[in-house]
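Colleague: Just need the structure, nothing else, for what follows:
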Amino acid sequence: MKILLIEPAKAPLTIGGEDVFIYEPLSLEYIAAGVAQDHDVKILDLRLEKNLQEILASFSPDVVGITAYTVHVNMVKKLFEEIKGWNPKALTVVGGHHATMVAEDFLSPFIDLIVIGEGVFAFQEIITRFERGENFNGIPGTAIRKGDCLVRTDGQPLDDLDLFPFPARKLTAKYRNHYYSEWMKPLASIRTSKGCPFRCKFCAQWKLSGGRYLRRSPESVVRELAGLAEEFVFFADDESLVDTSRMKMLAGLIKEAGIKKQYFLYGRSDTICRSPELLEMWREIGLERVFVGLEFLKDEDLSYIRKGSTAGDNKKAIKILQDLGIEVYASFIVRQDFNKADFKALRQYCRELELSFASFAVLTPLPGTDFNEEVKDQLITRNYDYFDFIHTLLPTALSLEEFYGEYYDLYKKAVPMSKQIHYILKKFPLKEIPSLMKKSNRVLNQLKNAYKDYSEIND
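Modeller: So this is what the prediction gives:
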């Protein structure tokens, strides 16, 4: 049986995404690994190719599966309509984060099945039954359209991540040189854990694992790392460092195995503060960057989102990482009620921390989060193309034009220009800098003019 798995591209209106970074489609590689042994499987990455009709004609898949985050919902539904137009008999299956949180958004005559939660084993069963000509009733972790309603089946509890096969990376071989994050290219991704023990109100990741923090064994992670060709590796965990003893063991096994990589992972500031020795161990084996969700500069704002860390933790963590020579990928949140003084204070705060890199996400009420439940009646748009962490979905205290002017200045001024130039010259090959600057300026221009995207809403 021929199975086509698709990583969707962003919508034209959406800002960021593959214009800024492209991570390997790890979820599709996992899904593929579950069925590739017995079937002909192809992965199509539409962020890098735009030839769906050509692939449909040449490969002629019996089954097409697509994964989706919230920002992809509209694009994915259009893709399924196009696929059913090509062949109404092709089995169409959607999965991913948004399908898990709001399956109803994929109630469509062009979508046959919705996979909810971890999809490897559910997809295996779907393929087995389809091949036998059997119905799909009762498959754990699925939803099926019955008229205007969905009939759901609860998923099986997930306890042991070591039961999953290693991702089928050979199916993305032709794309792998194009996966990157800033200067880390080509960049492989690996999942070593799932879930988070914290309860941030703007995040739904902890809900996907039933509030648990699930871990792979260090031995399994090392075996997978040893098979990666790429020098740069991103840990695609919700939070990589929270289990200190496990991460110390993993660091020891990586060192013992003689694996030489450069790593990029997520780490909370309070975790870093509690275990600076862990960061020292990881620095020794190749940790180059840590994505730290600093979020806000005030404790009251951190408390509002239930972050669980403090402004003091943030400053201390940055100092620990900087002293170790680990690059800080600092991430902040911009609230809609920010005035000009708030934007100025955030710019100054970034300079005081002497950051070399900072990103800023507009506070976004993603479906499935507690924050969404709190503010859903205040949304100025429900168009999922806007759910990119740059377009605001809530009313702003400043006019939209003023808000995005200040937002633009965060990216231009929070890190001094001299430091930005030094960072680029240090991290990027000279031949890549012209195209990097062109792309960066294009995205910044989109960001500055994002207020214009709301004209259709206001008309």
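Colleague: For stretch 430-442, list the C-alpha coordinates in PDB.
Modeller: Listed in PDB are the C-alpha atoms of stretch 430-442, where the atom choice follows Å, rounded to 0.1, in the frame of the first residue of the first chain:
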ATOM      1  CA  LEU A 430      30.100  35.000   5.100                       C
ATOM      2  CA  LYS A 431      28.500  33.700   1.900                       C
ATOM      3  CA  GLU A 432      25.200  33.200   3.700                       C
ATOM      4  CA  ILE A 433      24.900  36.700   5.200                       C
ATOM      5  CA  PRO A 434      23.500  38.600   2.200                       C
ATOM      6  CA  SER A 435      20.500  36.100   1.900                       C
ATOM      7  CA  LEU A 436      20.100  36.000   5.700                       C
ATOM      8  CA  MET A 437      19.800  39.800   5.800                       C
ATOM      9  CA  LYS A 438      17.400  39.900   2.900                       C
ATOM     10  CA  LYS A 439      15.200  37.300   4.500                       C
ATOM     11  CA  SER A 440      15.400  39.000   8.000                       C
ATOM     12  CA  ASN A 441      14.400  42.400   6.500                       C
ATOM     13  CA  ARG A 442      11.500  40.800   4.700                       C
END
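Colleague: Show me how far it is from its chain's centre.
Modeller: When distances are taken as C-alpha atoms, centre = their mean, to the nearest Å, stretch 430-442 is centred 23 Å away from the chain's centroid.
Colleague: cool, and stretch 235-254?
Modeller: 19 Å.
Colleague: cool, and stretch 100-118?
Modeller: Taking the mean of its C-alpha atoms, stretch 100-118 sits 19 Å from the chain's own mean (C-alpha atoms, centre = their mean).
Colleague: Now do the end-to-end distance for it.
Modeller: Taking C-alpha to C-alpha, to the nearest Å, the span from the opening residue of stretch 100-118 to its closing residue is 9 Å.
Colleague: Could you do stretch 322-329 as well?
Modeller: Here the two ends of stretch 322-329 are set 11 Å apart, with distance taken as C-alpha to C-alpha.
Colleague: List the buried residues for it?
Modeller: Buried residues in stretch 322-329, counted by 16 or more other C-beta atoms under 10 Å: Ile326, Glu327, Val328, Tyr329. Placement of C-beta: from N, CA and C, glycine included.
Colleague: what's the answer for stretch 1-17, then?
Modeller: Of the residues in stretch 1-17, those buried by neighbour count under the rule 16+ other C-beta under 10 Å are 3-11, 13-17.
Colleague: One more: stretch 326-339?
Modeller: Ile326, Glu327, Val328, Tyr329, Ala330, Ser331, Phe332, Ile333, Val334, Arg335, Gln336, Phe338.
Colleague: and Asp162, what does it touch?
Modeller: By C-beta atoms under 8 Å, 6 or more residues apart in numbering, Asp162 lies in contact with Arg216, Ser217, Ser220.
Colleague: could you redo the last one with a cut-off of 10 Å?
Modeller: Going by C-beta atoms under 10 Å, 6 or more residues apart in numbering, Asp162 touches Arg215, Arg216, Ser217, Glu219, Ser220, Val221.
Colleague: Which PyMOL command selects the buried ones in these?
Modeller: What follows is the PyMOL syntax for the buried subset of the contacts of Asp162, where burial is set by 16+ other C-beta under 10 Å:
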select buried, resi 215+216+217+221
